[in-house]
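**Q** I'd like to go over a predicted model; first the sequence, then the structure.
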2 protein chains.
Amino acid sequence: MGNTQLASVPEPKYWHLKTVLSEALDTEFAVGEVLPNERQLSARFGVARATLRQALEQLELEGRLQRRRGVGTTVAPPRLGVAVGTDHGQDRPGTDDDLWQPVDCVDAVPPAAVVRLLGSGSGETVHTVQRTRSADGRVIAAELLYVPAAAVPGLSAIEPLAGAARARAVLREFRRLGLEGQDRAVELGSAGAEDAKQLDRLPGAPVLVVTTRHFAEGRTAAVGVATYRADTCRLTFGESGAVQVTPQGPDRRAS
Amino acid sequence: MGNTQLASVPEPKYWHLKTVLSEALDTEFAVGEVLPNERQLSARFGVARATLRQALEQLELEGRLQRRRGVGTTVAPPRLGVAVGTDHGQDRPGTDDDLWQPVDCVDAVPPAAVVRLLGSGSGETVHTVQRTRSADGRVIAAELLYVPAAAVPGLSAIEPLAGAARARAVLREFRRLGLEGQDRAVELGSAGAEDAKQLDRLPGAPVLVVTTRHFAEGRTAAVGVATYRADTCRLTFGESGAVQVTPQGPDRRAS
């Protein structure tokens, strides 16, 4: 009774191929190695090109393969564990151990949903700080941090500033707030044109969208909308009391 | 200087169409409404069918559209905020306010990556509890919770049990452990055949994979691998000190 396998379900052909391919990746190929071309692969596994492509797309979605223009399809390294939302202050904007690099800052009108989260009036000025986060020398996430001018009333004399200098001035003032906490939402999205450029991906590439609300003085002091590359990142969350580590992802083939 | 828009980037045709379509969804259609067919839509927007399909796929990825067999393409309701990893104990397996429903329990061999996370020997017996989580009467997540037999040494007399009864017996024993904390990783995956059946999706559908390590007595007492429907779920994370809420997702069109 207790030793039976979980109920078996008929699998589409490409799914079975994906499993077979995945095993081949484990045993025959090294990280970074270029796969044989589609014609060779479909011949080897005795499947139609359309079936092969479906399987390759799945493996790309799962982070096992990377397609690079001019290079071909390569075996991806394990996803990078990226710490999000620990209470070590590393995601408090403007602190010394902030992992984000300021890039630019404009006073743009935020999207309607951000205005709702901020609980601010739609006509209010909002400093929009553009930041990026890197690992191993590559940008892995791009963020827009929306700071209503009303949350940083002490901010002045930033008009002559532009770009990263302006962003740093806003973050410096933001740091003075006594932040009380954060909450976050994670969801699937697709990279917009600007994010795609920052992340070195094509527009429409899948991203993990992390929306963070920063609370101070009983209100929402800022909202950050960050897009992480879904192909290479695994977001890790610690909880107070637990040691913060970045576990290797489970073997998704067997899920 | 500070009032310019973020740097503009040339957009592919389907991306522009997506933006236009997205606005039409906001203004002309209600949640649940069926969209005109592809022929009609491509005629209205003056684009090729291939371009239209790319735009529709993006909108589906972003959770704005749903495709249902026999119904067509409908306007999706806002994603559901699903709380993950608060410290209210609701994700402590086996507690009274556990949000997961036990479905089955087998003593299967876990995937190699789970064995690594558990730090257990590869030959060790591992109780694999299959659970589902529902919202509004629909299954939104499926989980395999791996509990090494060594972590629940007091567990006995479960051999005659099968299915949900066996799962409940394991969870009951697991509850006795003094859990010290959890950590989590979130990444993009695709639904396996079994998960897809539970989630009422096709195999390969995008899912958010949440890997949770439960710590007790200085070791990893269990590992849960949960797959959440990426089309309908937005995972929310609270932090101690912050009020736990489920913010509306940002307006992804504008990212």
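**A** Looks like it arrived, so ask away. Just so it is clear, the model here is predicted, and its values are computed rather than measured.
**Q** on the three-state scheme, the residue nearest to the spatial centre of chain A is what?
**A** Nearest residue to the geometric centre of chain A (CA atoms, centre = their mean): A:Tyr228, 1.3 Å. Going by DSSP: H, G, I helix; E, B strand; the rest coil, the secondary structure assigned to A:Tyr228 is strand.
**Q** residues contacting it?
**A** Neighbouring residues of A:Tyr228 by CB atoms under 8 Å, 6 or more residues apart in numbering or on different chains: A:82, A:140-141, A:207-210, A:235. Every residue, glycine included, has its C-beta placed from N, CA and C.
**Q** if we go to 6 Å?
**A** Contacts for A:Tyr228 (CB atoms under 6 Å, 6 or more residues apart in numbering or on different chains) come out as A:141, A:208.
**Q** the one helix or strand in chain A whose mean pLDDT sits lowest: partners in the sheet, and parallel or antiparallel?
**A** Scoring the helices and strands of chain A by mean pLDDT, DSSP states H and E places strand A:65-68 at the bottom, with a mean of 84. Note on strand A:65-68: by DSSP bridges, its sheet partners are strand A:72-75 (antiparallel).
**Q** average pLDDT across the strand it pairs with?
**A** Mean pLDDT, strand A:72-75: 91.
**Q** for that strand, what is the distance to the chain centroid?
**A** How far strand A:72-75 lies from its chain's middle: 21 Å, per CA atoms, centre = their mean, to the nearest Å.
**Q** after that strand, next one along is what?
**A** Per DSSP states H and E, the first helix or strand lying C-terminal to strand A:72-75 is strand A:80-83.
**Q** does anything pack onto that next one? Which helices or strands?
**A** Under the contact definition 3 or more CB pairs under 6 Å, 6 or more residues apart in numbering or on different chains; DSSP states H and E, strand A:80-83 sits against strand A:233-237.
**Q** so what secondary structure elements neighbour the strand it packs on?
**A** With contacts taken as 3+ CB pairs under 6 Å, 6+ apart, strand A:233-237 sits against strand A:80-83, strand B:179-190.
**Q** thinking again about what came up before, what does the pLDDT read for the residue nearest to the centre of chain A?
**A** On the pLDDT scale, A:Tyr228 is placed at 97.
**Q** so of the helices and strands packed on strand A:233-237, which one's packed in deepest?
**A** Among these, strand B:179-190 has the highest mean neighbour count (mean count of other CB atoms under 10 Å in any protein chain shown), at a mean of 23.
**Q** dump the helix or strand following it to CSV, restricted to CA.
**A** Going down the chain from strand B:179-190, the next helix or strand is helix B:193-199, by DSSP H and E. Extracted C-alpha coordinates of helix B:193-199, given in CSV (Å, rounded to 0.1, in the frame of the first residue of the first chain):
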residue,chain,number,x,y,z
ALA,B,193,2.3,15.5,-15.1
GLU,B,194,1.2,14.8,-11.6
ASP,B,195,1.2,18.5,-10.5
ALA,B,196,-0.5,19.5,-13.6
LYS,B,197,-3.4,17.1,-12.9
GLN,B,198,-3.7,18.4,-9.4
LEU,B,199,-3.6,22.0,-10.5
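**Q** dump the residue contacts of A:Val31.
**A** Per CB under 6 Å, 6+ apart, neighbours of A:Val31: A:75, A:77.
**Q** show me the shaky parts of the stretch 1-150 of chain A.
**A** Under the criterion pLDDT under 70, the flagged ranges of the stretch 1-150 of chain A are A:1-11, A:86-98, A:122.
**Q** which residues does the closest residue to A:Glu33 other than its chain neighbours contact?
**A** Spatial nearest neighbour of A:Glu33, chain neighbours left out: A:Val75 (5.1 Å); criterion: CB to CB, 6 or more residues apart in numbering or on different chains. Applying CB under 6 Å, 6+ apart, we find A:Val75 in contact with A:25, A:29, A:31, A:33.
**Q** any idea how many residues pack against the last one?
**A** Think A:Glu33. Neighbour count of A:Glu33, defined by other CB atoms under 10 Å in any protein chain shown: 11.
**Q** domains of chain A?
**A** The record's domain split for chain A, according to automatic domain parsing, is A:13-75, A:80-246.
**Q** can you give me the strands for chain A?
**A** For chain A, the strands defined by DSSP state E cover A:65-68, A:72-75, A:80-83, A:100-106, A:126-135, A:138-148, A:179-190, A:206-216, A:219-229, A:233-237.
**Q** so the longest one versus strand A:206-216, what angle?
**A** Our comparison of strand A:179-190 with strand A:206-216, counting by axes from the mean of the first three to the mean of the last three CA atoms, to 10 degrees, yields an angle of 160 degrees.
**Q** any idea of the mean pLDDT in stretch A:235-242?
**A** Regarding stretch A:235-242, the rounded mean pLDDT is 66.
**Q** hey, what's A:Arg131 bridged with?
**A** Counting by DSSP bridges, A:Arg131 is bridged to A:Pro102, A:Glu143.
**Q** so who does it touch?
**A** Counted by CB under 6 Å, 6+ apart, A:Arg131 has contacts A:100, A:102, A:143.
**Q** hang on, the second one packs against A:Gly163?
**A** Which is A:Pro102. No. Checked against CB atoms under 6 Å, the pair A:Pro102 and A:Gly163 is beyond contact range at 8.6 Å.
**Q** which one of the two is surrounded by more residues?
**A** Taking other CB under 10 Å, A:Pro102 and A:Gly163 do not tie; A:Pro102 has more neighbours (22 against 15).
**Q** could you find the closest non-adjacent residue to A:Arg133?
**A** With CB to CB, 6+ apart, the residue lying closest to A:Arg133 is A:Ala141, at 4.2 Å.
**Q** pretty sure A:Leu59 is touching A:Gln66, no?
**A** No. Look at A:Leu59 against A:Gln66 with CB under 6 Å: they stay out of range, at 9.7 Å.
**Q** between those two, which one's more packed in?
**A** Between A:Leu59 and A:Gln66, A:Leu59 has the larger neighbour count (other CB under 10 Å), namely 24 against 18.
**Q** where's that one relative to chain B, distance?
**A** Look at A:Leu59 and chain B: by CB to the nearest CB, to the nearest Å, they are 9 Å apart.
**Q** burial measure for the nearest residue to A:Thr51 once chain neighbours are set aside, as a count.
**A** Leaving aside its sequence neighbours, A:Thr51 sits nearest to A:Tyr14 (CB to CB, 6+ apart; 4.8 Å). By other CB under 10 Å, 22 other residues sit near A:Tyr14.
**Q** and for A:Val106?
**A** By other CB under 10 Å, neighbour count at A:Val106 equals 21.
**Q** pretty sure it sits against A:Thr128.
**A** Yes. The pair A:Val106 and A:Thr128 qualifies as a contact (CB under 6 Å) at a distance of 5.4 Å.
**Q** of the contacts of A:Arg131, closest to chain B?
**A** Using CB to the nearest CB, A:Glu143 comes nearest to chain B of the contacts of A:Arg131, at 10.2 Å.
**Q** next, the contact list for the closest one, please.
**A** So A:Glu143 contacts A:131, A:224, A:226 (CB under 6 Å, 6+ apart).
**Q** mind checking how far A:Val170 is from chain B?
**A** Counting by CB to the nearest CB - A:Val170 and chain B are separated by 10 Å.
**Q** quick one: pLDDT of that residue?
**A** We have a pLDDT of 94 for A:Val170.
**Q** deepest of the domains of chain A, which one?
**A** domain A:80-246 (a mean of 19).
**Q** dump the top helix by length along chain A to CSV, restricted to CA.
**A** Criterion DSSP state H: the longest helix present in chain A is helix A:13-28. What follows is helix A:13-28, C-alpha atoms only, in CSV (Å, rounded to 0.1, in the frame of the first residue of the first chain):
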residue,chain,number,x,y,z
LYS,A,13,5.6,12.9,-25.9
TYR,A,14,7.7,16.0,-25.4
TRP,A,15,7.4,15.6,-21.7
HIS,A,16,8.9,12.1,-21.8
LEU,A,17,11.6,13.5,-24.2
LYS,A,18,12.3,16.3,-21.7
THR,A,19,13.0,13.7,-19.0
VAL,A,20,15.3,11.7,-21.2
LEU,A,21,17.1,14.8,-22.3
SER,A,22,17.4,16.0,-18.7
GLU,A,23,19.1,12.7,-17.8
ALA,A,24,21.5,13.1,-20.7
LEU,A,25,22.4,16.6,-19.5
ASP,A,26,23.3,15.2,-16.1
THR,A,27,25.4,12.4,-17.4
GLU,A,28,26.9,13.4,-20.7
